[in-house]
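Colleague: Okay, here's the prediction I keep looking at, along with the sequence it came from:
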Amino acid sequence: MRAIFLDRDGVINENRTDHVATWEQFLLIPGSLEALALLTRCGFRIFIVTNQACINRGLVERTTVDAIHRRLAQIAQNHGARIDDVRLCPHRPDEGCRCRKPQPGMLLDLAREHVIDFARTTMIGDALSDIAAGRAVGSQTVLVRSGRGVEQYRMLADGAPQPDYVAADLLAASRWLCDQREIAPTLC
């Protein structure tokens, strides 16, 4: 079975200039629930990997972020999707951890825990750091132009890690992935 690693902010929910501190601030991007359900129907395991430095900056409690993720998983389930696991990096960029994207620590931990073969994974994100994390483990990568994606897409010419595919948003990426699955079922 194939696995999907999804960035959260800018891919599933709208990016904010500050941080998502409450469920009321967690605004789903149109089509993201449909995308999660489509990926589930196509047989993909879904894992969210998200940098949440707001925790170590003292702006949001870890319990609040965890509650947001539980609520998202429940709403996704009500729409026919299954989120297998959520990992977050609570560290600030200056802490030099192994889990903050572009470092692949969250992906490595999930692969070890869930027995995931990176050759059968796709990392979807709206930032070049997402693409770099996916590339670091040999995952296929998709850059979405939602969230920060348009700005990040412009930076691709500057020698940044290149995604395997660029999509308008998570729903378009999901459709592309499901089409690939139908074209090459032995790869999925």
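Modeller: Okay, I see it.

Colleague: now the helices for this protein?
Modeller: Here the chain has its helices, by DSSP state H, at 32-41, 62-78, 105-114, 128-136, 149-154, 170-183.

Colleague: can you list contacts of the helix or strand of the chain with the lowest mean pLDDT?
Modeller: Within the chain, no helix or strand scores below helix 149-154, which has a mean of 78 by mean pLDDT, DSSP states H and E. With contacts defined as C-beta atoms under 8 Å, 6 or more residues apart in numbering, helix 149-154 is touched by 10, 126-128, 143, 145, 160, 166. For glycine as for every other residue, the C-beta is placed from the backbone atoms N, C-alpha and C.

Colleague: Swap in 7 Å and give it another go.
Modeller: Residues outside helix 149-154 that contact it (C-beta atoms under 7 Å, 6 or more residues apart in numbering) are 10, 126-128, 143, 145, 166.

Colleague: Of these, which is the nearest to residue 66?
Modeller: Using C-beta to C-beta, residue 10 is the member of the contacts of helix 149-154 that lies nearest residue 66, at 20.1 Å.

Colleague: what's the pLDDT at residue 114?
Modeller: Residue 114 carries a pLDDT value of 97.

Colleague: what about it, neighbour count?
Modeller: A count of nearby residues for residue 114, using other C-beta atoms under 10 Å, gives 12.
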